[in-house]
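Undergrad: What follows is a predicted protein model with its sequence.
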Amino acid sequence: QAVEYLMMSLRLREGSDRARYHALGGIELPHVALADMVQTGLLTLSNSHIRATDKGRMILNSVLRRLLA
């Protein structure tokens, strides 16, 4: 359920709620991968949400592969 939630929610402008992903999957997303993708402009990160930027949305399958590896 957590994987499906992440895959669907990152396609939306509102993004993925980090607490909901953790509650569904029991794990957090990899911090290093998140930080790298924020730095390269593929994701934005707040205390509560992860959002794909326009650039990240164009290659979302690659972003998801890295987050879920």
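TA: Good, I have the coordinates. Residues are numbered from 1 along each chain as shown.
Undergrad: Please identify which helix or strand holds E28.
TA: Assigned by DSSP states H and E, E28 belongs to no helix or strand.
Undergrad: Let me know whether it touches A19 as I believe.
TA: No - at 9.9 Å, E28 does not count as touching A19 under the criterion of CB atoms under 8 Å. Where C-beta positions appear, they are placed from N, C-alpha and C, glycine not excepted.
Undergrad: Name the residues that touch stretch 16-24?
TA: 1-2, 5-6, 9-10, 28-29, 47-51 (CB atoms under 8 Å, 6 or more residues apart in numbering).
Undergrad: any idea where the helices of this protein begin and end?
TA: Remark: helices assigned in the chain by DSSP state H are 2-9, 18-25, 31-39, 54-58, 60-68.
Undergrad: For this protein, which residues score under the pLDDT cut-off?
TA: For the chain, applying pLDDT under 70 flags no range at all.
Undergrad: farthest residue from the center of it?
TA: G26 (15.4 Å; CA atoms, centre = their mean).
Undergrad: give the contact list for it.
TA: Per CB under 8 Å, 6+ apart, neighbours of G26: A2.
Undergrad: Next one: it from H49, what distance?
TA: G26 sits 19 Å away from H49, going by CB to CB, to the nearest Å.
Undergrad: And H22, by the same measure?
TA: 13 Å.
Undergrad: swap in R13?
TA: 10 Å.
Undergrad: More neighbours: which of the two?
TA: Remark: of R13 and H49, H49 carries more neighbours, 15 against 7, as counted by other CB atoms under 10 Å.
Undergrad: who touches that one in this structure?
TA: E14, G15, S16, D17, R18.
Undergrad: Among those, which one sits closest to G56?
TA: Nearest to G56 among the contacts of H49: G15, at 10.2 Å, using CB to CB.
Undergrad: Can you report how many residues lie near the closest one?
TA: 19.
Undergrad: The one 10 residues further on now?
TA: Close neighbours of G25, defined as other CB under 10 Å, add up to 15.
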